[in-house]
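how would this look folded up:
(one chain, ligands or ions: 1)
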Amino acid sequence: MSNYKLDYHIAPTSGFMNDPNGLVQFKGKYHVFYQWLDRLQAQGPKSWGHVASSDLVHWESYECAMHPDQWYDKDGCYSGSAIVHEDTLYLFYTGNVRTESGGRETYQCLATSTDGEQFTKHGPIIHLPEGYTAHFRDPKVWKEPVSQQWWMVIGAQTQELTGNVALYRSEDLWNWTYQGNMLSSDRNWGYMCECPDLVTVAEQQYMIVSRQEKIERDGRQMDQCIPYYFAGQMQSDGQFHLYSGQEQQLDEGWDYYAPQSFVDEQGRVLSFAWMGGGEIDYQMSQPTVEDGWLHALTIPRELVAAPNGMKQRPVVELQQLRQQERSYEVVLTDEHEVSEVTCAVSSHVQEILLEFDDARHWELLLLDGVQLHYVDESKSIVLKRLNWWTGEWDERVLIVPEGVQRLHVFIDRSSVELFINDGEKTATMRVFFKTTADTIRLSGCANVKGKVWELSKGEL
Ligand code: FRU
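Numbering: from 1, shown residues only. Now for the predicted structure:
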């Protein structure tokens, strides 16, 4: 058994995990469901795995909430969402059906529960409307506060093989009326929009889609799947009117896909995403495959308003995990004297918070798997992650127009999540450190205040 099992992330003990599903707070408890398969393969008859927590940090495992055991979901209880109404938990999900001739059918289905543990399936409530292929899935439901009506967005591929988002409306959560496409066809929505979500943060609406498209890289055709968000406003005809048109990436790391948001009982907009994705070979090359499990969810994040969109910050509850604190206050200079500070750590479960002042440049090494090189002149971070598969450093450039003032890092044995300037930019990645790696090192030219905490275990 390797040392890669995560301490405070939701991850399966065995099998394959993908999207977070049905995020909800019900009768005081946070419930997180997720796509789960007992085998280590990306495609297959998925179940809904289930964990719950009263504090978003300590999770208890439950029996799977739903298995693909009905004619309408026999090849997978695919992704969906949850809503609480009159003390009942409503789960909306996609029933995936493969036909004998190799085709696909899709049904949007409903299941309910009154205790959050036993679920009763009620079968399809929406059948595929005209104008779409069977790539029609991932219902996300919310209640419009003014009209008190229920709305649902569904990820779709139109008959023209372009991505879009179908809109439905309901008065009772059982009967749904089709309203049309939300996205105008004059921009690139790829060939499919998965896991759509319409989220309101500080009175501003955003459409989130995980866009799938074909791209060419290094002379070869490949699929690119990236979650984007767009500021805009839903119109009375159901169209989503985009404001600036500029798409924004939710996360700039290598392992972040299919985010889903929900509003908790305190009114916070929280989100989890799948900390995975990418091409199948890349996924299957991960060292945890040998231990019989694959992938995890991100830490819970709160979506809050930022000057140019929204930002994601780790939920405050995670502070419960902090053990003894070490703090640093250093002036790093190029000229002579102190140009680096090192922090020896005894585990790969750490939280780091750095505040920079007067930074010209700095370099941060996280154990032996991640490096950040910041240059203030170009307001850019070169982010490097050691790829376990190729043995090379993967590299990305993150532009931070206002410069980096704060960097918040969560390390959990085989994952790193970076929050830049309180989450105005985030980068999420899996990293397989060597077990002996024990140093965090910062060098460069900047005034820095830093705090480092070892984190305790989140799982119950
Ligand atoms: C996104 C996705 C969803 C689908 C689910 C199947 O990762 O492809 O569109 O419902 O995964 O597991």
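
and the strands in the stretch 351-460 of the chain?
370-375, 380-386, 393-399, 406-412, 415-420, 425-430, 439-455 (DSSP state E, counting those that start in this stretch).

so for residue 343, which of the ones you listed sits nearest?
Across the strands of the stretch 351-460 of the chain, residue 343 has its closest neighbour in strand 439-455 (4.6 Å, CB to CB). Every residue, glycine included, has its C-beta placed from N, CA and C.

check the offset of the closest one from the chain's centre.
27 Å (CA atoms, centre = their mean, to the nearest Å).

then it to CSV, C-alphas only?
Provided in CSV are the C-alpha atoms of strand 439-455 (Å, rounded to 0.1, in the frame of the first residue of the first chain):
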residue,chain,number,x,y,z
THR,A,439,11.2,20.3,2.6
ILE,A,440,9.3,23.4,1.6
ARG,A,441,11.6,26.1,0.3
LEU,A,442,11.0,29.7,-0.6
SER,A,443,13.7,31.8,-2.2
GLY,A,444,13.8,35.1,-4.2
CYS,A,445,13.5,38.8,-3.4
ALA,A,446,10.4,39.8,-1.4
ASN,A,447,9.2,40.6,2.1
VAL,A,448,7.3,37.5,3.2
LYS,A,449,5.1,36.5,6.1
GLY,A,450,4.3,32.8,6.2
LYS,A,451,2.4,30.3,8.2
VAL,A,452,2.7,26.6,8.0
TRP,A,453,0.4,24.0,9.7
GLU,A,454,0.5,20.3,9.7
LEU,A,455,-3.1,19.1,9.2
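
for it, which positions count as buried?
Within strand 439-455, the residues that count as buried by 16 or more other CB atoms under 10 Å are 440, 442, 443, 444, 445, 446, 448, 450, 452, 453, 454, 455.

what does stretch 342-357 give?
Within stretch 342-357, the residues scored as buried using 16+ other CB under 10 Å are 345, 348, 349, 350, 351, 352, 353, 354, 355, 356.

just send these back as JSON lines, with distance to the ligand and pLDDT too.
Below are the buried residues of stretch 342-357 laid out as JSON lines (distance: CB to the nearest ligand atom, whole Å; pLDDT from 0 to 100):
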{"residue": "345", "distance to the ligand": "33", "pLDDT": "94"}
{"residue": "348", "distance to the ligand": "27", "pLDDT": "96"}
{"residue": "349", "distance to the ligand": "27", "pLDDT": "96"}
{"residue": "350", "distance to the ligand": "29", "pLDDT": "97"}
{"residue": "351", "distance to the ligand": "28", "pLDDT": "98"}
{"residue": "352", "distance to the ligand": "30", "pLDDT": "98"}
{"residue": "353", "distance to the ligand": "32", "pLDDT": "98"}
{"residue": "354", "distance to the ligand": "33", "pLDDT": "98"}
{"residue": "355", "distance to the ligand": "36", "pLDDT": "98"}
{"residue": "356", "distance to the ligand": "36", "pLDDT": "98"}
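
for the most centrally placed residue in the chain, which non-adjacent residue is closest in space?
Central residue of the chain (CA atoms, centre = their mean): residue 273, 1.7 Å from the mean position. Excluding its sequence neighbours, the residue lying closest to residue 273 (CB to CB, 6 or more residues apart in numbering) is residue 259, at 3.7 Å.

next, the contact list for the one you found, please.
20, 195, 197, 208, 210, 227, 250-251, 271-274, 298 (CB atoms under 8 Å, 6 or more residues apart in numbering).

about what we covered before: wait, doesn't the residue nearest to the centre of the chain sit right on residue 261?
No - using CB atoms under 8 Å, residue 273 makes no contact with residue 261, being 9.7 Å away.

just the buried positions in stretch 411-428, please.
Applying a neighbour-count criterion of 16+ other CB under 10 Å, one finds 411-428 buried in stretch 411-428.

what pLDDT does the residue in the stretch 301-450 of the chain positioned nearest to the ligand get?
Residue of the stretch 301-450 of the chain nearest the ligand, by CB to the nearest ligand atom: residue 428 (15.0 Å). If you check residue 428, the pLDDT there is 98.

sweet, I'm off.
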